[in-house]
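Here is a sequence with its predicted model. Questions after.
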Amino acid sequence: MHQAPTSTQAMLFGTAVRPDQLVHEGPLLSAIRHCDILVPEYHGHWSAVEWRRGDPWFGNYDEIAQFAANHGQSVRGHSLIWEQMTPDWARREMQVKQDWRLVERHFANLLHRYRGRIDEWIVVNEMIDTENGDGFMRRTSFQRAFGNDYVAHALRTARKHDPDARLMINEYGLCADNPVDEARRVALLRHVEQLKKADVPLDMVGIQGHLELAKGAVPQARLSRFFQDLADMNVKLALTEVDVLEDDLSLSLRERDAKVADAVASLLDVAKQQPAMTSVTTWGLSDRHSWLQQRSESTQNAVERSPINEAQINRGLPFDSAMRTKQMMHTLAYDLSNSRISSLRTL
Ligand code: G3I
């Protein structure tokens, strides 16, 4: 039975957005306005802002920040450091000379520009590697250039350039009941413990929450202890990229949407019992825009056809490709009763 939200729980709701989704009036824009937090899905990364060295362009980021300001919404900066979205010129430069001023200049560019408008930042995204890492630290351009202490250095640099923002690290692969996710949970706890013991400014930990039905049920008791262990280290928590990768598209839409909603409800049942959990962010609102369609050739082909056959694409977000409400949306509205999304009834 899906437990009712605890009275102490006031989790906010957010979603990932792209600037082109903020332009045309319609159900998607209306739903975006019902979010408390907006996160740039792609346009906030270093390589999306400064493709060429010394020539940063903030147009897309500015659009998202301005839209949020116009609608009284918060923005989560995503992300100051993420290996996949580090410009090639920066990777090469870090390889040749290990000069932190290169990284600090990038931080200052963004933190100064959006100070007072972006109040929480993912400083380092996806730092863990429990299989090929160096002490469970992923071997990135930053780790190779500056050692495992680059994470602490990045957090301190961010605090220096925006003393008021909440500073986060953000991780995937934490929500399944298997040895890989368990190793990642243990590694994250170890990293957070080391950072807090060294008095490094870390305010929040993002748990991405990309659920995969093929990996089985959410291990609720284990996640509850994991969330509490993090909270006991004096950090706030956030579910930052929630969506669901389905495992069987042959079922009826009704059955499929129920499975997706049940998986999300199972995760939210744990989240809403944890007072340190501040928000739930889905990684988009409509299946039409979900990165998950790229996870298989068939769903990628299906989402590029017109009209889209709903049965052939992944249905892991609150609304379908035509912005029809799905059961996952009702689950979110029920559990996030203090958020704007709970007032979203019709589009
Ligand atoms: O916008 C450009 C377009 O102008 C250009 O023509 C086209 C050609 O490649 O690329 C478009 O950009 C794409 C962008 O998504 C559009 O939003 C990029 O190629 C593509 O790489 C980018 O993928 C994003 C990916 O991160 C890499 O940044 C996905 O949308 C986004 O959902 C995904 O999100 C990540 C989180 O940041 C971190 N956690 C995992 C999550 C899923 O991979």
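That came in fine, so what should we check first?

Please enumerate the strands of this protein.
Residue ranges of the strands in the chain, as given by DSSP state E, are 12-17, 37-40, 74-81, 120-125, 166-171, 204-207, 210-212, 236-245, 277-282.

May I see these organised as a markdown table, with mean neighbour count added?
C-beta: built from backbone N, CA, C; applies to glycine. Below are the strands of the chain laid out as a markdown table (neighbours: other Cβ atoms under 10 Å):
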| stretch | mean neighbour count |
| --- | --- |
| strand 12-17 | 25 |
| strand 37-40 | 25 |
| strand 74-81 | 25 |
| strand 120-125 | 26 |
| strand 166-171 | 23 |
| strand 204-207 | 25 |
| strand 210-212 | 20 |
| strand 236-245 | 24 |
| strand 277-282 | 24 |
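
Next, format these as JSON lines and append mean pLDDT and distance to residue 67.
Listed next are these as JSON lines, based on pLDDT from 0 to 100; distance: least, Cβ to Cβ, whole Å:
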{"stretch": "strand 12-17", "mean pLDDT": "97", "distance to residue 67": "8"}
{"stretch": "strand 37-40", "mean pLDDT": "98", "distance to residue 67": "7"}
{"stretch": "strand 74-81", "mean pLDDT": "98", "distance to residue 67": "9"}
{"stretch": "strand 120-125", "mean pLDDT": "98", "distance to residue 67": "17"}
{"stretch": "strand 166-171", "mean pLDDT": "98", "distance to residue 67": "21"}
{"stretch": "strand 204-207", "mean pLDDT": "98", "distance to residue 67": "22"}
{"stretch": "strand 210-212", "mean pLDDT": "98", "distance to residue 67": "25"}
{"stretch": "strand 236-245", "mean pLDDT": "98", "distance to residue 67": "19"}
{"stretch": "strand 277-282", "mean pLDDT": "97", "distance to residue 67": "16"}
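
Make JSON lines out of those and add distance to residue 55.
Putting the strands of the chain into JSON lines (distance: least, Cβ to Cβ, whole Å) gives the following:
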{"stretch": "strand 12-17", "distance to residue 55": "25"}
{"stretch": "strand 37-40", "distance to residue 55": "19"}
{"stretch": "strand 74-81", "distance to residue 55": "18"}
{"stretch": "strand 120-125", "distance to residue 55": "22"}
{"stretch": "strand 166-171", "distance to residue 55": "27"}
{"stretch": "strand 204-207", "distance to residue 55": "30"}
{"stretch": "strand 210-212", "distance to residue 55": "33"}
{"stretch": "strand 236-245", "distance to residue 55": "29"}
{"stretch": "strand 277-282", "distance to residue 55": "30"}
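
of all those strands, which lies closest to residue 294?
strand 236-245 (11.1 Å; Cβ to Cβ).

So in that sheet, which strands flank that closest one, and in what orientation?
Under the criterion DSSP bridges, strand 236-245 sits next to strand 204-207 (parallel), strand 210-212 (parallel), strand 277-282 (parallel) in its sheet.

how about JSON lines for the ones you listed, with distance to residue 336 added?
Below are the strands paired with strand 236-245 laid out as JSON lines (distance: least, Cβ to Cβ, whole Å):
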{"stretch": "strand 204-207", "distance to residue 336": "16"}
{"stretch": "strand 210-212", "distance to residue 336": "17"}
{"stretch": "strand 277-282", "distance to residue 336": "6"}
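
closest to residue 50 out of the ones you listed?
strand 204-207 (23.1 Å).

Check what contacts that closest one and list those residues.
120, 122, 166-171, 174-175, 188, 192, 227, 230, 235-241, 278 (Cβ atoms under 8 Å, 6 or more residues apart in numbering).

now swap in stretch 124-140 and tell me
78-84, 86, 143, 148, 150-151, 154-155, 169-173, 180, 183-184, 187-188, 190-191.

Return the residues in contact with residue 260.
Applying Cβ under 8 Å, 6+ apart, we find residue 260 in contact with 213, 244, 246, 315-316, 326-328.
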